[in-house]
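Q: fold the stuff below for me.
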Amino acid sequence: MVSYIIRRLLLMFPTLIGIVTITFIITQFVPGGPIDQIKVMLKGHAGAASEAGGAGSIRGNKSAQEIDPEQLEKLKKVYHLDRPVLERYLRTFLWYSPKNPEAPFSERVLNYDNWDGFLVFKFGNSFYRNKTVLELVKEKLPVSLSLGVTSFFISYLVCVVLGIAKAVKNGERFDTVTSVIVLIGYSAPGFVVAIFLIVFLGPGDNALAHLIPLSGLTSAGTAGYESWSNWEKLLDYLHHLAAPLFCYMLGSFATLTMLTKNSILEEMKKQYVTTARAKGLSQNTVLFKHVLKNSLIPLITGFPIGFLSMFFTGSLLLEQIFTLDGLGLLSYQAVIQRDYPIVLGSLFVFTLIALIGQLLTDISYVIVDRRISFEESQG
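A: Presented below is the predicted three-dimensional model:
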């Protein structure tokens, strides 16, 4: 298994480089970069000024629509667009630029500050926000953590218990009713449910009941919030979290629940279950001591990648509807504004997390199910 892990780790690098390279090439051909957006802004200001000042103002502002060549070069330098494409590409991954050329060579090479690029986890600064990419991710992370961590554990807890109950009562009324409920939830898009909640239970004046707060995950900034007790702040946090969390989790119940139920039913048909029942073991003993341990293997092996991704979850539509400033909205704004450091940096981080999660999933298969062996499959 050690050799398999080493090969998978080595394959991560060309995968990461390939994904980021494709995205980098696309960004070079997509119109509407930082310079183009500044030109559009200048034209917009000039057009507004001409409408206010008449024809004379049109002639006076015509030159304002064009950027002076010297200013254009300065802008390109600010956005690092003055460098050759190959240099910008290499700087994306790894670049060595010593701050003190007179220092000893070994000291310069081992100095972390002399290196730039994604491979040393330096993602640069945002074009428009005057902050590093890591600082922006850190700012938006609380929203993603709130949605991801809570939904992850609630989904696993509820779905496993519900799946076991459905398997035990397979074909009965409980099984039928719960199947209809979870499938309706699976088919209903989360953002549609969110709109209905906002309309009927939201903060608007026309809502039937005002149960959903205005925005954010807390009431911070309102009068008297700082004097609230910890218990009151916790209840306020749960109040803000309830609606977006419900919409975010709505579609995940069906998959996990039906997977748990079908795995248990499949295990119950196997010979060892028949043998255990023939020995006189009770239904609960057969279910919880023998069947459950084997039937939950698909859920357990999916745990690592789900656990890693829950820290960086994001939903653009839900964040827009409930006015939450999270990673989903940050990624969307970065794409619209052509904020390339955020686009490429977040893509690199999310891809790395996905690859590590997939590796941990493969390893968990071997740990949980001893019948699986990488060495035997290779032979």
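
Q: next SSE after the worst-scoring helix or strand of the chain on mean pLDDT?
A: Least confident helix or strand, the chain: helix 55-61 with a mean of 47, by mean pLDDT, DSSP states H and E. Sequence order places helix 69-78 as the next helix or strand after helix 55-61, per DSSP states H and E.

Q: sort out which residues of that following helix are buried, please.
A: Across helix 69-78, burial judged by 16 or more other C-beta atoms under 10 Å covers 72, 75. (Glycine included, C-beta is placed from N, CA and C.)

Q: for stretch 239-252, same thing?
A: 240, 241, 243, 244, 245, 247, 248, 249, 250, 251, 252.

Q: out of everything not next to it in sequence, what's closest to the last one?
A: In this case it means residue 252. Leaving aside its sequence neighbours, residue 252 sits nearest to residue 155 (C-beta to C-beta, 6 or more residues apart in numbering; 5.0 Å).

Q: list the contacts of the one you found.
A: 249, 252, 253, 256 (C-beta atoms under 8 Å, 6 or more residues apart in numbering).

Q: if we use 10 Å, what do you get?
A: By C-beta atoms under 10 Å, 6 or more residues apart in numbering, the contact list for residue 155 reads 248, 249, 252, 253, 255, 256, 257, 306, 310.

Q: pick out whichever of the residues you listed sits closest to residue 76.
A: residue 310 (40.0 Å; C-beta to C-beta).

Q: report pLDDT for the closest one.
A: Listed pLDDT for residue 310 reads 66.

Q: next: residue 350.
A: 83.

Q: which of the buried residues of stretch 239-252 sits closest to residue 207?
A: For the buried residues of stretch 239-252, the nearest to residue 207 is residue 243 (12.1 Å; C-beta to C-beta).

Q: ok, for the closest one, nearest residue in space, not its chain neighbours?
A: Leaving aside its sequence neighbours, residue 243 sits nearest to residue 212 (C-beta to C-beta, 6+ apart; 4.9 Å).

Q: would you mind measuring from that neighbour to residue 361?
A: Residue 212 is 36 Å from residue 361, where distance means C-beta to C-beta, to the nearest Å.

Q: which one of those two has more residues nearby?
A: residue 212 (21 against 17; other C-beta atoms under 10 Å).

Q: list the contacts of stretch 13-31.
A: 8, 33, 36, 85, 88-89, 92-93, 118-119, 335, 338, 340, 343-345, 347-348, 350-352, 354-355.

Q: weed out the non-buried ones from these.
A: 8, 33, 88, 92-93, 118, 338, 340, 343-345, 347-348, 350-352, 354-355.

Q: so of those, which ones are in helices?
A: Taking DSSP state H, the ones among the buried ones among the contacts of stretch 13-31 that sit in helices are 8, 88, 92-93, 340, 343-345, 347-348, 350-352, 354-355.

Q: ok, these vs residue 193, which is closest?
A: residue 350 (25.7 Å).

Q: pretty sure the closest one contacts residue 343?
A: No - taking C-beta atoms under 10 Å as the definition, residue 350 is not a contact partner of residue 343, at 11.0 Å.

Q: list residues touching both of those two?
A: Counting by C-beta under 10 Å, 6+ apart, the residues touching both residue 350 and residue 343 are residue 331.

Q: quick check: closest non-adjacent residue to residue 197.
A: Counting by C-beta to C-beta, 6+ apart, residue 197 lies nearest to residue 243, which is 5.4 Å off, once chain neighbours are set aside.

Q: separation between the one you found and residue 201?
A: As judged by C-beta to C-beta, residue 243 and residue 201 stand 7 Å apart.

Q: circling back to that earlier point, may I see the buried residues of the helix or strand containing the residue nearest to residue 252?
A: Using DSSP H and E, residue 155 sits within helix 133-168. Residues 133, 136-137, 140-141, 143-148, 150-152, 155-156, 159-160, 162-168 are the ones in helix 133-168 that count as buried (16+ other C-beta under 10 Å).
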